[in-house]
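**Student:** make a model of this:
(one chain, ligands or ions: 1)
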Amino acid sequence: MNTTTPGGPPSGSLTATPTSSCSRGLDSSEITQSPLLSSINLDKEDFRAACSKFPTGITITTVKGADGRPYGITVNSFTSVSWEPPLVLVCIDYRSQILGHLVIHRYFGINCLSHDQQELSIRFSQSWNERFHDIAWYDGVTRAPLLFDVAAVLECKVVRTVRIGDHMIVVGEVVHAKSSERTPLAYLERNYGTVVNSRSGCRPEPIISKTDSGAGLES
Ligand SMILES: Cc1cc2nc3c(=O)[nH]c(=O)nc-3n(C[C@H](O)[C@H](O)[C@H](O)COP(=O)(O)O)c2cc1C
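**Tutor:** Okay, the predicted model is just below:
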């Protein structure tokens, strides 16, 4: 069900212009030169597979609705953007119901999950109405709803939303941030895992190891 109000059609086409720096490491013949993204004959599965090779953490992005209830969604497209001012972004499918609540000037939380919070990741990507059922949460300093036992949490104010393709980029100014000693949950090749601190060894070690559940990562 789409209850969101997308910000209109994509604002024009992007031009793909390979440069020497972005082609480093690739055979230049592998880069398809095309003026319009929409005309590139890309195999979607190749795209997904390539993206899945980039390890990320997992966040639950949360917001309190105008009705006072907490809402949340599993998001791994989180990244920091700027130190001054302190900005971060998440990319959210424009059909997601959460976008109806993530409006300019509203505060939201980015809960970076711990290695043992895989179930939260699954839950907050499934049935919309069940997500906060029996889940403990508390009000942050901005009153954004926050989860317990996470590796880190950032509270942000929505300063910009940009619709691009089938997603909305939501840019937040960070107003509060806190981190714990907990090891973060990791995500790679569509599997969950955990991060191993390689500083203890003198040789490079795999930085991601399988989770106990076996639904882990190749190292
Ligand atoms: C590991 C993982 C990462 C995800 N990352 C994102 C993301 O970055 N952006 C997004 O829009 N959806 C992401 N999703 C999908 C959403 O969590 C889920 O499909 C979405 O909440 C369903 O739409 P709804 O919120 O309207 O119910 C992710 C799901 C999983 C399991």
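**Student:** report the buried residues of the helix or strand that L185 is a member of.
**Tutor:** Counting by DSSP states H and E, the element that carries L185 is strand 185-188. Buried positions in strand 185-188, judged by neighbour count with 16 or more other CB atoms under 10 Å: 185-188. Every residue, glycine included, has its C-beta placed from N, CA and C.
**Student:** repeat for stretch 146-163
**Tutor:** Across stretch 146-163, burial judged by 16+ other CB under 10 Å covers 146-147, 150-158, 161, 163.
**Student:** ok, now stretch 167-186?
**Tutor:** Buried-residue list, stretch 167-186, by 16+ other CB under 10 Å: 167-174, 182, 184-186.
**Student:** filter those down to just the ones in strands.
**Tutor:** Among those, the residues falling in strands (DSSP state E) are 167-174, 185-186.
**Student:** among those residues, which two are most distant?
**Tutor:** Spatially, the most separated pair among these is E173 and A186, at 26.6 Å (CB to CB).
**Student:** restricting to C-alpha, output stretch 89-97 in CSV.
**Tutor:** Taking C-alpha atoms only, stretch 89-97 is exported to CSV below (Å, rounded to 0.1, in the frame of the first residue of the first chain):
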residue,chain,number,x,y,z
LEU,A,89,21.5,10.4,4.6
VAL,A,90,19.3,7.4,4.1
CYS,A,91,17.7,6.3,0.8
ILE,A,92,14.2,5.0,1.1
ASP,A,93,11.9,3.4,-1.4
TYR,A,94,9.4,6.1,-2.3
ARG,A,95,6.6,3.5,-1.9
SER,A,96,7.5,2.9,1.8
GLN,A,97,4.9,4.0,4.3
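**Student:** partner residues bridging S114?
**Tutor:** P184 (DSSP bridges).
**Student:** list the contacts of it.
**Tutor:** 149-151, 180, 182-185 (CB atoms under 8 Å, 6 or more residues apart in numbering).
**Student:** quick one: pLDDT of S39?
**Tutor:** Looking at S39, its pLDDT stands at 58.
**Student:** please read the previous query as pertaining to V171.
**Tutor:** Predicted confidence (pLDDT) at V171: the value is 98.
**Student:** quickly list what it is bridged to.
**Tutor:** Residues in a beta bridge with V171, per DSSP bridges, are L89, R160.
**Student:** surely it is in contact with I92?
**Tutor:** No. Judged on CB atoms under 8 Å, V171 makes no contact with I92 at a distance of 11.6 Å.
**Student:** and the longest helix that the chain contains, is it in reach of the ligand?
**Tutor:** Ranked by residue count and defined by DSSP state H, the top helix of the chain is helix 44-52. No. Figure legend: helix 44-52 not in contact with the ligand (CB under 6 Å from any ligand atom); closest approach 10.3 Å.
**Student:** what does this protein have sitting close to the ligand?
**Tutor:** Checking the chain against the ligand by CB under 6 Å from any ligand atom, the hits are 58, 73-77, 91-93, 96-98, 121, 125, 128, 187.
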